[in-house]
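[1] this one's sequence-less:
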């Protein structure tokens, strides 16, 4: 196949995404604004979010600097043994990965902190203009993220064309995601919990009351956690899925002396972005003014367009239909997982209603029933991921024949991941819509826009919450398939190294569970996500205690604040500073733990132990991530269900219990749960990059 | 080696255990009793426990009947294809397994419901006689359980000498354990939660107030859950560890044309029982009247005696020192896991104190910090199990040489499990001590024995709680190693079948994680313990709601009950009936789910998928069991720590929050957590028994 035209067209598609994002950005910026109060409060949020981001990036820069130096010295070979040029390329790719992801996050924050104000003001004109404003703001993030991940991967592939560089780029994206997701997650929940605890529970303030010193920090948190953090997470998954597929395709094509598989990956990924652009461009609210329906329909449009485009491409370029089928299976299962998450978190379904009912007997029952449904919710997603991996493998395996062995099957799995993540541009757009309209609701309240406007923003916010559960399930499923594919990439790298370096070791055909070195890795790997999430949650706990003390201090020391005297403004920035400092301090032990234990296992048990370790990590990580995300979403919606007047309504025992559930669920669903994705990817990439070192240096 | 003398001496040791148990039983029975009120209340408890047991056994008999019939028809080969005699033997062994375990449970309940009264009355004479009474009551259970498990395994081995029969016996023990542990667990927590919720929280009654209609059910629950349930659980683990080791030893000895390995298993197991007898017989409370020290010292005596006896036996019989070492590694790691559990649940350590402090901010923080420490607590045990399996394997592997391949290493792992479970007689004695003195405390309260006596029983009870955390960690660790060994037995069975039946399939060398059929099993298997525990906890939830309604009804309809009028007695038996009926009804879906999903996975993916399924099940089962047991124990002790006057003491916010934590922790630590052990064993045995069928009938 002719590479250059395909690569050029793909780059053109990613540039289209940037152009479209710019157009949307300008459109959002041009929307009218007139309310001074909103401008002022919005300014606080903007400043807080940017301050956090700069501090976070400053910490990250140090970390990335050290990591890049280590890569330069050791990877892919120790600098005194190998080719210095290769090491420089991998280190540079790593830096590119962090920078690309950081820029996408920065752009997202920039537009989100403008779009929230515009959305609030647009709500004065009605739900339709307000929805469009929120949606288009989110879409800027979606287009920027997916445009830059595709562009980055293609450039690295075209310029360097070598798997270590791709893995380095992907590792860069992962390290940033780890900071952004875990740090942002700690920030947002510190602020949210503290604001609620003192404001709502102790003093009986409404949500978003401007007297609450933590209220701005809470709104900043939505941006840094849900916009920047989630964007970095999906940037990471998207890059990892493409890199895993490309690494395997490069190794396959070497044997086949072709470029067909590599081109398949690039064509499918580029068409996914094109489909997302079309989906975003056609999103409109229908006559019935249902924001949920509008969000969902744009997802279906994207999915349909993607299926159509890939059919055409497969036919025109005479690609392999079985691989197309693997990609479509991935996409289909992604949708199924989303629907299952929706079932467990939607207030029209049994789980939320049962938990609300159990709350009548007290908070212990809210927790017990929520934990139970959270555990149940893991089954459909785990089975879905398992079945899609199995089918993708079984369908594509015969392509390789005896000579290639199992490699084609693993490539099929990686293509299922690429297929699932093809619509990620649309998913990010929908997801970023959530915090924008959530912020808009706060601004409408603080700007005094009146009941009617607040109600409109409430409707938009509630749609954001519903869609969020679906996109979160989708993100976990996608990460699951991606890391299975990364496991394949790991094996592929190990075996390529054995051949290329003429090592006197037999090629690895796989990792045998019955080998106790593998089983050792399996058990240790399974404990890692549990410990990782525990460290993050304890971080939120400690940080929230600091912020609660600060809020208490302000109410005591600032005269007139509690009574809400005109012109008395709390020291918002102090709360933001606490959240910022604490988040960055608390995420370090969790991140270091995950990386260091990978190194320990690798140096003890070598490649075999790492194989088991990654599998254990994936399995228990998926389980805990699904449990925590779904239980958290369920508790959130159970509280809203009670507040809507069910099971006693506001102020009842059920309500108090449901608030406890919601508080427990917050760090579950917004700190620990979604950070596990990133933890798994980081660990997989560290292991893959170090595979050659583990191959030669280990005790067992 | 000469088999007959060794078998005869081993049988004699188990008969010694029975004789010792009888002596202890008579001793307990002979202790004086005079208080009519205690006799009356004690009679209620006795009757309630026996009623539950009969009903449970009636349900079990039906289940066991169906299972035995299916075994008769299908196992080890379909009756129309194979040897009918073999099928009859396996079915009979299965029935023996259930019956032996049932008798041990019945004996335990019988003595526990007498010992509780005697212990209460003995407390009037001081802490020493009271302690001895409680401890010896528990020891009857310990001796009866371990005596019968050893006797059963030896008899089956001697008479039949065939691995299918051993697995059938073990499966019988497991099915009973599943019912006893899960059913008893639902019973005890239904009663405990309901009694606390209405009695303590709503009405402000003290613990064990005789006006509370659920108070007898609560005491019955201690017996059926903690005595009978836990006994069945450890009976099951003990039988499974010996069976797994014997199955592998039989297959090894076939190749080696020897009986040395088989005899090693039997000698080591018998010496474990002997050491436990010595440990129990020498247990005395020292001068400082510390019950915890007395319980711990008897464990150390048993451990020391066991090490000494096995050194002697290994030298005299010229057994293999490497295998001795594997067994001792297991024992040592068991102790380490116990110590780690103690750290996370002891109120002199940081975790409990931090959770108590966090409780000052409200129940959500109790839950969040408890969940976090629960997650952290999984690491030492998971690493401990992983390391002990790895070391046992590495040490014993070279024994086999090339011809035997990895079999010796897996046998080493199974011997580590045998070593860990060698002191199980002592462990059960210590564990059964807990509910006896807990009951005694209740009886002292209800019998009006006065403050001083209640204080003594309180001290004894608190020691029981401390030791319980350790024994629970130990039980999970033991189950972990045992099921790893069962995985080895599964593989060994599959390969023996391939050879014996001349199937045209290559022998399985193991299960490759990179094979998507295995990975499919791994993911599905990992979800099973989560779903299983969710079903049990939802059962407790539903059942507790029914009982709370009944308690409310009684307080409304029985005049004078609430005020505590003389001679007004609540309808205790109604609450017991609700707990009984509900427990048996709610455990069925959970048990069926575990078995049916094993069948589905087996018929879809065959032996390979089952290999992955078992590994996933073990890994996530251990993780969740450790998390739930430790978090539950931690919350229990955090509540007690606050009640002792810390962080505001009784009635403070911290106390209210800690009570919520305790209520959540109850089904975690006494229903779901410990039932997961049994679920894993049942699933492993079902899979092993059906291995030949999965080998020939499956889609992939």
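    The structure has been received and is ready for your questions. Remember, predicted model here, so these are calculated numbers, not experimental data.

[2] which SSE is the most centrally placed residue in chain A in?
    Ranked by distance to the mean C-alpha position of chain A (C-alpha atoms, centre = their mean), the top residue is residue A:233 at 3.1 Å. According to DSSP states H and E, residue A:233 maps onto helix A:230-256.

[3] pretty sure the residue nearest to the centre of chain A contacts residue A:472?
    No: judged on C-beta atoms under 8 Å, residue A:233 makes no contact with residue A:472 at a distance of 9.9 Å. C-betas here are computed from N, CA, C, even on glycine.

[4] can you check which residues contact both of those two?
    Shared contacts of residue A:233 and residue A:472, defined by C-beta atoms under 8 Å, 6 or more residues apart in numbering or on different chains, comprise residue A:674.

[5] now the helix holding residue A:233: buried residues?
    A:230-253 (16 or more other C-beta atoms under 10 Å in any protein chain shown).

[6] same question, stretch A:553-561
    The neighbour-count check on stretch A:553-561 (16+ other C-beta under 10 Å) flags A:554-555, A:558, A:561 as buried.

[7] wait, doesn't residue A:487 sit right on residue A:618?
    Yes: between residue A:487 and residue A:618 there is a contact under C-beta under 8 Å: 7.2 Å.

[8] which neighbours do these two have in common?
    residue A:684.

[9] any low-confidence regions in chain A?
    A:400-407 (pLDDT under 70).

[10] do the longest helix along it and chain B meet at all?
    Assignment by DSSP state H gives helix A:572-643 as the longest helix of chain A. Yes: if you take C-beta under 8 Å from any C-beta of the partner chain as the test, helix A:572-643 does meet chain B, through A:605, A:611-612, A:615-616, A:619-620, A:622-623, A:627.

[11] most neighbours out of the residues you listed, which is it?
    residue A:616 (33 neighbours; other C-beta atoms under 10 Å in any protein chain shown).

[12] ok, that one to residue B:244 distance?
    For residue A:616, the distance to residue B:244 equals 22 Å [C-beta to C-beta, to the nearest Å].

[13] what do you get for residue A:541?
    42 Å.

[14] ok, now residue A:180?
    Residue A:180 is 47 Å from residue B:244, by C-beta to C-beta.

[15] contact partners for residue A:632?
    A:664-670, A:673.

[16] return the subset of those lying in helices.
    A:664-667, A:673.

[17] ok, and which of these reach chain B?
    Within those, those near chain B by C-beta under 8 Å from any C-beta are A:664, A:667.

[18] and which of the ones in helices among the contacts of residue A:632 is nearest residue A:530?
    residue A:673 (12.3 Å; C-beta to C-beta).

[19] what's the closest non-adjacent residue to the closest one?
    In this structure, residue A:673 finds its nearest non-sequential neighbour in residue A:628, 3.4 Å apart by C-beta to C-beta, 6 or more residues apart in numbering or on different chains.

[20] isn't the one you found right up against residue A:668?
    Yes: with contact defined as C-beta under 8 Å, residue A:628 counts as touching residue A:668 (4.1 Å).

[21] those two: who's more crowded?
    Taking neighbours as other C-beta under 10 Å, residue A:628 and residue A:668 compare with residue A:668 leading, 31 against 27.

[22] how much space between the more buried one and chain B?
    8 Å (C-beta to the nearest C-beta, to the nearest Å).

[23] over to residue A:249?
    Distance from residue A:249 to chain B, by C-beta to the nearest C-beta: 17 Å.

[24] give the contact list for that residue.
    Counted by C-beta under 8 Å, 6+ apart, residue A:249 has contacts A:261-262, A:264-265, A:411.

[25] next: residue A:536.
    A:182, A:185-186, A:586-587, A:590, A:667, A:671-672, A:675.

[26] among the buried residues of stretch A:553-561, which one lies nearest to chain B?
    residue A:555 (16.2 Å; C-beta to the nearest C-beta).

[27] where does the residue nearest to the closest one when sequence neighbours are not counted land in three-state SS?
    Using C-beta to C-beta, 6+ apart and skipping residues adjacent in sequence, the residue nearest residue A:555 is residue A:562, 5.2 Å away. Assigned with DSSP: H, G, I helix; E, B strand; the rest coil, residue A:562 falls in the coil class.

[28] would you list the phi and psi of residue A:562?
    The phi/psi pair for residue A:562 (degrees, to the nearest 10) reads phi -60, psi -40.

[29] quick one: it and residue A:213 touch, right?
    No: Residue A:562 is not in contact with residue A:213 according to C-beta under 8 Å; the separation is 10.9 Å.

[30] stretch A:540-557: which residues count as buried?
    By neighbour count with 16+ other C-beta under 10 Å, stretch A:540-557 contains the buried residues A:540-545, A:547-548, A:550-551, A:554-555.

[31] how far away from the center of its chain is that stretch?
    How far stretch A:540-557 lies from its chain's middle: 29 Å, per C-alpha atoms, centre = their mean, to the nearest Å.

[32] residues in contact with it?
    Under C-beta under 8 Å, 6+ apart, the answer for stretch A:540-557 is A:185-186, A:189-191, A:193-195, A:197-199, A:212-214, A:217, A:561-562, A:570-571, A:574-575, A:578-579, A:582-583, A:586, A:667, A:671, B:358, B:361, B:365, B:368-369, B:372.

[33] do the same with stretch A:586-595
    A:178-179, A:182-183, A:186, A:528, A:531-532, A:535-536, A:538-540, A:542-543, A:675, A:679, A:682-683, A:686.

[34] filter these down to the buried ones.
    A:178-179, A:182-183, A:186, A:528, A:531-532, A:535-536, A:538-540, A:542-543, A:675, A:679, A:682-683, A:686.

[35] residues contacting residue A:307?
    A:328, A:331.

[36] now name the helix or strand holding it.
    Using DSSP H and E, residue A:307 falls in helix A:291-316.

[37] got the buried residues for that helix?
    A:291-292, A:294-299, A:301-303, A:305-307, A:309-310, A:313-314.

[38] got it, and stretch A:81-94?
    For stretch A:81-94, by 16+ other C-beta under 10 Å, it's A:86-87, A:89-94.

[39] any buried residues in stretch A:256-270, and which?
    Applying 16+ other C-beta under 10 Å to stretch A:256-270 flags A:259-270 as buried.
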